[in-house]
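Trainee: Could you look at this predicted model? Sequence included:
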2 protein chains.
Amino acid sequence: MAKRVSHKDSMCGVARPLDAIGDWWSLLIVRDAFDGSRRFGEFQRSLGLAKNILSARLRNLLAHGIMETVPAADGPYQEYVLTEKGRGLFPLLVALRQWGEDFFFAPDEAHVLLVDKKSGLPVRRLELRAQDGRVLGAEDTVVRLPPTLAGGEKRPKRATKC
Amino acid sequence: MAKRVSHKDSMCGVARPLDAIGDWWSLLIVRDAFDGSRRFGEFQRSLGLAKNILSARLRNLLAHGIMETVPAADGPYQEYVLTEKGRGLFPLLVALRQWGEDFFFAPDEAHVLLVDKKSGLPVRRLELRAQDGRVLGAEDTVVRLPPTLAGGEKRPKRATKC
DNA sequence: CGTCTTGGTTGCAACTTGAAACCACCGTGT
DNA sequence: ACACGGTGGTTTCAAGTTGCAACCAAGACG
């Protein structure tokens, strides 16, 4: 999965994460983990994927520090739990879910949605804001290097936006 | 890519989007489109992927209504532009980028970041809020069915969270 | 002792990926 | 008219990935 990248040091801020979770199953595993799954069998039943694939994906998530194993209380087993880094995926998962809700369901089609546990009301839409609070769209932003930029740095030969 | 799903009607709100953009390249193509790429050759040079793959991915994005083609002004060519649905991916891309910035770069490692065009300042962090404005974490939310829930609906045999 | 559950690994066929070659069409130069 | 380079692909084929199914092993259970 990671081997199409010859030089991961030059990967930009979008590509690097994709190297870690850029396949169908990994994100679903993480979502299940957020929903409380911890055991190999739980993930397998919930997602319905082959055991070897789950095994490989969990190994990959462990290797990327997105999940970690802790000994289970009820036997010689392990449980898989999200690390800090893994929990950091929560906004991404919400973004994915909201996009799905917007564009992948017929208006009359029933589907689950994300609600605030305390009030029981649906959550607000994610929105990107500037420091001063303005809501920003794609056209209001650019990617730029940070202010410090000495002259002696090696430039990439292919001029990518990375 | 889409054929591991035997019954896409039962796919939940996270899985459906993944069916459309759940591979390495598609999201990078969308990101490049946000950054202004429009032509086949632009995407190819910018991403450095094989032409057949780009061809397939663009076809897939077109089929999912994420991009559409418009005739180019400078010849018999086509340009690929994001649809409304495609532009809806902006928050997801931001979430991915912010996660990448947080966890995939050494603290001293220079990298581009997303800035507000108008002020030149970095954008704020995405945060999920409840209707009343409280910031919500993963543990403050659940997925639930909407209020209307008649009795006669067919239940899936495998009890997933979908 | 046998067998059930949990958590895997291994073998193998089918599918996908990707580098490179090929193709077609247009505009330009000569 | 005719070669030529740029653009936008498709085809070919080898190598890698996926996923079903079978197998394995260790502890719990009757």
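Mentor: In hand now; what should we look at? Numbers count the residues shown, from 1 in each chain, chains lettered A, B, ... in the order given.

Trainee: Compute the first-to-last residue distance for stretch A:42-53.
Mentor: Using CA to CA, to the nearest Å, one end of stretch A:42-53 lies 14 Å from the other.

Trainee: Mind jotting down where the helices sit in chain A?
Mentor: A:15-21, A:24-34, A:40-47, A:51-63, A:84-87, A:90-103 (DSSP state H).

Trainee: Can you give me the separation between residue A:94 and chain B?
Mentor: 5 Å (CB to the nearest CB, to the nearest Å). In this view, the C-beta of every residue, glycine as well, is placed from N, C-alpha and C.

Trainee: and if you look at residue A:127?
Mentor: Note on residue A:127: its distance to chain B, by CB to the nearest CB, is 7 Å.

Trainee: go on, residue A:82?
Mentor: Note on residue A:82: its distance to chain B, by CB to the nearest CB, is 9 Å.

Trainee: got it, and residue A:110?
Mentor: Distance from residue A:110 to chain B, by CB to the nearest CB: 6 Å.

Trainee: With residue A:31 instead?
Mentor: Relative to chain B, residue A:31 is positioned 5 Å away (CB to the nearest CB).

Trainee: give the contact list for that residue.
Mentor: By CB atoms under 8 Å, 6 or more residues apart in numbering or on different chains, the contact list for residue A:31 reads A:93, B:14.

Trainee: returning to what we had before: weakest of the helices of chain A by average pLDDT?
Mentor: Among those, helix A:15-21 has the lowest mean pLDDT, at a mean of 86.

Trainee: if we can go back for a sec, could the helices of chain A go into a markdown table alongside distance to residue B:45?
Mentor: Formatted as a markdown table, the helices of chain A follow (distance: least, CB to CB, whole Å):
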| stretch | distance to residue B:45 |
| --- | --- |
| helix A:15-21 | 16 |
| helix A:24-34 | 28 |
| helix A:40-47 | 37 |
| helix A:51-63 | 30 |
| helix A:84-87 | 32 |
| helix A:90-103 | 28 |
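
Trainee: Columns distance to DNA strand D on top of those, output as CSV?
Mentor: As requested, the helices of chain A are exported to CSV (distance: least, CB to the nearest atom of the strand, whole Å):
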stretch, distance to DNA strand D
helix A:15-21, 12
helix A:24-34, 6
helix A:40-47, 10
helix A:51-63, 4
helix A:84-87, 20
helix A:90-103, 19
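
Trainee: Out of these, flag the one nearest residue A:114.
Mentor: helix A:90-103 (6.1 Å; CB to CB).

Trainee: now that closest one: how far from the chain's centre is it?
Mentor: Chain-centre distance of helix A:90-103: 11 Å, with CA atoms, centre = their mean, to the nearest Å.

Trainee: in that helix, what's buried?
Mentor: Residues of helix A:90-103 classed as buried by neighbour count (16 or more other CB atoms under 10 Å in any protein chain shown): A:90-101, A:103.

Trainee: and what of stretch A:77-86?
Mentor: Within stretch A:77-86, the residues scored as buried using 16+ other CB under 10 Å are A:79-80, A:82, A:85-86.

Trainee: for stretch A:12-27, same thing?
Mentor: Buried residues in stretch A:12-27, counted by 16+ other CB under 10 Å: A:12-27.

Trainee: Show me the two of the buried residues of stretch A:77-86 that sit farthest apart.
Mentor: Maximum pairwise distance among the buried residues of stretch A:77-86 (CB to CB): 17.4 Å, between A:79 and A:85.

Trainee: what's near enough to touch residue A:75?
Mentor: Applying CB under 8 Å, 6+ apart, no residues contact residue A:75.

Trainee: phi, psi of it?
Mentor: Geometry field for residue A:75 lists phi and psi as phi 150, psi -170, criterion degrees, to the nearest 10.

Trainee: gap between it and residue A:29?
Mentor: Note on residue A:75: its distance to residue A:29, by CB to CB, to the nearest Å, is 22 Å.
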